[in-house]
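A.B. asks: With the sequence up front, the predicted model follows.
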Amino acid sequence: MKLDFLIRSLGRGGAERQLVLLARQLVRRGHQVRVLTFYGGGPLTADFVGTGVELVDLHKRGRWDVFPFLIRLVREVWAARPDALLSYLTVPNLVGLSIRSVVPEAPLLWGVRSAGLDLHPYGRLAQMVYFLERTLSPWCDAAIFNSHAGLRYGLSAGFPADRSQVVLNGIDTVAFTRDLAGREFWRRAWGVGPGQILVGLVARSDPAKGHEVFLQAAANAASMDPRLQFVCVGDLGPSGLATLEALVARLDLQGRIRFVPGQSHLAAVYSALDLLVSASHSEGFSNVIAEAMACGTPCLVTDVGDSRAIVGETGGVVPPNDPEALCRMILALLKDDLIQLGRAAQHRVESEFSSDVLALRTEEIIQTCIHFRRRS
């Protein structure tokens with residue numbers, strides 16, 4: 001099959017990493033794959049080098065570059081005549097719908113990643129765009145959710161049941177595996193000494209990721225266990241970093257926590273941690289949780305989206321927005337054998353969330369949509 005993926009950019013987000021993994025896996029399965037991006041570049045671009053995936057930069061010049069951008073997109077899709085078009089995230093989904101008449105024989109499959117996210121902190125534009133997505137969802141051939149929680153929310157919001165599917169995220173267990181050299185490198189770089197326990201949160205700056213809750217829990221736990229050190233890894237931006245540093249000062253957590261920019265080689269970062277915390281108050285299927293588990297790092301998660309189901313019996317689960325419960329569970333897990341929990345987590349990912357299953361399930365949905373589109 002000739003397949004075109006459409007996404008805004010190749011940043012370090014979870015949807016972007018899943019697109020990279022799926023596109024590469026589909027090429028290995030014999031398909032021709034192109035990835036069309038609104039904006040070129042991005043840290044994940046390098047992950048396509050030598051894979052056989054073709055990258056197409058649509059050179060969007062900003063929010064108001066609409067009609068020239070759409071003309072460039074139409075020309076690319078018309079010239080390639082793909083068998084199917086797969087878009088990822090809300091705006092690309094709507095853009096894909098707006099050009100589907102260019103190749104009417106090709107089904108349009110939406111990648112939907114939301115799972116009950118409160119959109120008010122993101123402004124009216126985000127609310128309007130999501131309203132359009134759910135209103136127009138009957139016009140796509142398939143809406144593929146990456147979590148069971150996302151599917152439940154999507155159906156309640158108006159996505160059509162007969163076109164809504166679940167394909168759980170896949171994890172590249174070759175790329176995400178225990179990295180002992182990386183562990184030692186980062187622990188030295190962050191000043192984590194022998195006998196100290198490193199607890200980390202890996203997430204970009206986003207109101208849903210719970211950085212403040214994590215810091216409050218960290219401050220309480222640090223006051224009770226002198227071995228604990230903390231790290232936040234992810235791109236926070238100047239204003240986000242300033243806000244969190246001010247909170248650290250109020251919590252008297254200086255010297256016990258570090259803020260580190262987002263990293264390309266996350267396996268080393270996950271391996272450096274003794275415990276990963278996901279403090280989110282909204283998730284679908286969290287890549288960070290499953291990737292950390294694949295690297296042998298046990299996880300403490302909030303009970304949102306599919307997080308409880310991902311962790312299973314290999315970590316801890318607490319309610320969202322509850323720093324006291326998060327603190328108690330951090331301290332409780334320290335009494336367990338973290339190395340043994342990590343091994344169990346690694347085995348769980350290898351058996352339940354493989355990239356092969358991701359590609360096979362997606363391939364089946366694409367082929368079914370092509371069949372029905374050509375019959376209609």
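C.D. replies: Done, it's in.
A.B. asks: Run through the stretch 51-200 of the chain and note the low-pLDDT ranges.
C.D. replies: 115-123 (pLDDT under 70).
A.B. asks: in it, which spans are helices?
C.D. replies: Using DSSP state H, counting those that start in this stretch, the helices of the stretch 51-200 of the chain run over residues 67-80, 90-98, 124-136, 148-157, 180-189.
A.B. asks: in the longest one, what counts as buried?
C.D. replies: Going back to what we said before, that points to helix 67-80. Residues of helix 67-80 classed as buried by neighbour count (16 or more other Cβ atoms under 10 Å): 69, 72-73, 76-77, 80. For glycine as for every other residue, the C-beta is placed from the backbone atoms N, C-alpha and C.
A.B. asks: Now do the strands in the stretch 1-150 of the chain.
C.D. replies: For the stretch 1-150 of the chain, strands defined by DSSP state E, counting those that start in this stretch occupy the ranges 2-7, 32-37, 54-57, 84-88, 108-112, 142-145.
A.B. asks: what residues does the last one touch?
C.D. replies: When contacts are defined by Cβ atoms under 8 Å, 6 or more residues apart in numbering, strand 142-145 is touched by residues 107, 109-113, 115, 137, 151, 154, 159-160, 163-167, 284, 362, 365, 369.
A.B. asks: rerun at 6 Å
C.D. replies: 109-112, 137, 151, 154, 159, 163-167, 365, 369 (Cβ atoms under 6 Å, 6 or more residues apart in numbering).
A.B. asks: if we can go back for a sec, quick check: which of the helices of the stretch 51-200 of the chain is buried the most?
C.D. replies: helix 90-98 (a mean of 20; mean count of other Cβ atoms under 10 Å).
A.B. asks: hmm, who's touching that helix?
C.D. replies: Looking at what lies outside helix 90-98 - Cβ under 6 Å, 6+ apart - the contacts are 6-8, 85, 87, 108, 110, 129-130, 132-133, 136, 139.
A.B. asks: cool, and stretch 316-331?
C.D. replies: By Cβ under 6 Å, 6+ apart, stretch 316-331 touches 213, 216-217, 220-221, 281, 300-304, 308, 333.
A.B. asks: which of these count as buried?
C.D. replies: Counted by 16+ other Cβ under 10 Å, those give 213, 216-217, 220-221, 281, 300-302, 304, 333 as buried.
A.B. asks: Return the member of these nearest to Ile289.
C.D. replies: Among the buried ones among the contacts of stretch 316-331, Val301 lies closest to Ile289 (Cβ to Cβ), at 5.9 Å.
A.B. asks: Next up, the contacts around Ala49.
C.D. replies: Not quite, residue 49 is Val, not Ala. By Cβ under 6 Å, 6+ apart, the contact list for Val49 is empty.
A.B. asks: ditto for Leu201
C.D. replies: By Cβ under 6 Å, 6+ apart, the contact set of Leu201 is 214, 232, 277.
A.B. asks: who wins for most neighbours among those residues?
C.D. replies: Val277 (32 neighbours; other Cβ atoms under 10 Å).
A.B. asks: so who does it touch?
C.D. replies: Val277 neighbours (Cβ under 6 Å, 6+ apart): 201, 214, 300.
A.B. asks: Quick one: mean pLDDT for the helix or strand containing it?
C.D. replies: Applying DSSP states H and E as the criterion places Val277 in strand 275-278. Mean pLDDT, strand 275-278: 98.
A.B. asks: For that strand, which strands pair with it and how are they oriented?
C.D. replies: Sheet partners assigned to strand 275-278 using DSSP bridges are listed as strand 197-202 (parallel), strand 299-302 (parallel).
A.B. asks: Past that strand, which element shows up next along the chain?
C.D. replies: Using DSSP H and E, the first helix or strand after strand 275-278 is helix 287-294.
A.B. asks: pLDDT on that next one, on average?
C.D. replies: 96.
A.B. asks: Serialize the strands paired with strand 275-278 to TSV and add fields for distance to Leu253.
C.D. replies: Converted to TSV, the strands paired with strand 275-278 look like this (distance: least, Cβ to Cβ, whole Å):
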stretch	distance to Leu253
strand 197-202	12
strand 299-302	18
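A.B. asks: Minimum distance to Ile257: which of those strands has it?
C.D. replies: strand 197-202 (9.4 Å).
A.B. asks: Check the offset of the closest one from the chain's centre.
C.D. replies: 18 Å (Cα atoms, centre = their mean, to the nearest Å).
A.B. asks: re earlier: out of the strands paired with strand 275-278, which comes closest to Gln263?
C.D. replies: Per Cβ to Cβ, nearest to Gln263 of the strands paired with strand 275-278: strand 197-202, 8.8 Å.
A.B. asks: Extract the C-alpha trace of that closest one and format it as CSV.
C.D. replies: Only the C-alpha atoms of strand 197-202 are listed here, as CSV (Å, rounded to 0.1, in the frame of the first residue of the first chain):
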residue,chain,number,x,y,z
ILE,A,197,17.1,7.4,45.2
LEU,A,198,16.1,9.4,42.0
VAL,A,199,12.4,10.0,41.3
GLY,A,200,11.5,11.7,38.1
LEU,A,201,8.7,13.1,36.0
VAL,A,202,9.2,13.2,32.2
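A.B. asks: tilt between it and helix 180-189?
C.D. replies: On the basis of axes from the mean of the first three to the mean of the last three Cα atoms, to 10 degrees, strand 197-202 is oriented at 100 degrees to helix 180-189.
A.B. asks: hang on, the earlier thing: adding distance to Gly193, write the buried residues of helix 67-80 out as JSON lines.
C.D. replies: What follows is these, written out as JSON lines (distance: Cβ to Cβ, whole Å):
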{"residue": "Phe69", "distance to Gly193": "52"}
{"residue": "Arg72", "distance to Gly193": "54"}
{"residue": "Leu73", "distance to Gly193": "53"}
{"residue": "Glu76", "distance to Gly193": "54"}
{"residue": "Val77", "distance to Gly193": "55"}
{"residue": "Ala80", "distance to Gly193": "55"}
